[in-house]
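[1] Below is the sequence, then the predicted model.
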Amino acid sequence: MNKLTVKNMMYIALLAGITIVATFINITIPLGGGAGALVHFGTAIATISTFVFGKRIGMISSTLGMTIFDIIGGWAIWAPGTFLARLLYGLILGKIVYSSSNKLRSKRYQSLGIIIGGIVMSLIYYLWEVLLYHNPIVALGSLPANILQVIFALAIGIPVSIILNKNVRIEKY
């Protein structure tokens, strides 16, 4: 399906809201100089959204949800970096998983999409932090939090998506 319908916009809004809430469920890891890295469940929701609702809905809803979280959650300086990191994460995840119809249910392709998307996401966040802190060493401090988010996406996103895809029929967009 290639049309953005009212139903798809409703899914995007609903999933963006769920992503915001999941991102508010977080642990802040303090870094030097007043910086901090977040570990949250937003990446797992982004993954589930992509696997269950399709690459476009997953990418748009997770990008909007986590960017809005940054703006309303006190991390507004991060919003542009989050927008780019999450947009690319969703794009890469969707491209890998939906490159062929038989790959959607393959844990191998789902894992590959999460890992490659996670690497790109982590790189974008690292570069954003270097820009913010003017210190490439301090910027490395959030790498463990980004790795944990990718692990959460693997551990939560794949099993939940498999269950939902077996039990809920949603036309993917």
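    Perfect, thanks for sending it. Numbering: from 1, shown residues only.
[2] what about stretch 44-64, start to end distance?
    This stretch, stretch 44-64, spans 15 Å end to end (Cα to Cα, to the nearest Å).
[3] My error: substitute stretch 29-41 in the last question.
    Per Cα to Cα, stretch 29-41 runs 15 Å from first to last residue.
[4] What separation do you get for Asn26 and Asp70?
    12 Å (Cβ to Cβ, to the nearest Å). Using the backbone N, CA and C atoms, a C-beta is placed for each residue, glycine as well.
[5] neighbour count winner among the two?
    Asp70 (21 against 17; other Cβ atoms under 10 Å).
[6] Skip the chain neighbours and tell me the closest residue to the more buried one.
    Ala79 (4.2 Å; Cβ to Cβ, 6 or more residues apart in numbering).
[7] How many residues are close by the one you found?
    Ala79 has 17 nearby residues by other Cβ under 10 Å.
[8] phi, psi of it?
    phi -50, psi -50 (degrees, to the nearest 10).
[9] how far away is it from Ile45?
    With Cβ to Cβ as the criterion, Ala79 and Ile45 are 18 Å apart.
[10] try Pro30
    Distance from Pro30 to Ile45, by Cβ to Cβ: 25 Å.
[11] Of the two, which one has the most company?
    Shown here are Pro30 and Ile45; by other Cβ under 10 Å, Ile45 has more neighbours (29 against 10).
[12] these two touch, right, the residue nearest to Asp70 and Gly73?
    No - here Ala79 does not reach Gly73: they are 9.9 Å apart, not a contact under Cβ atoms under 8 Å.
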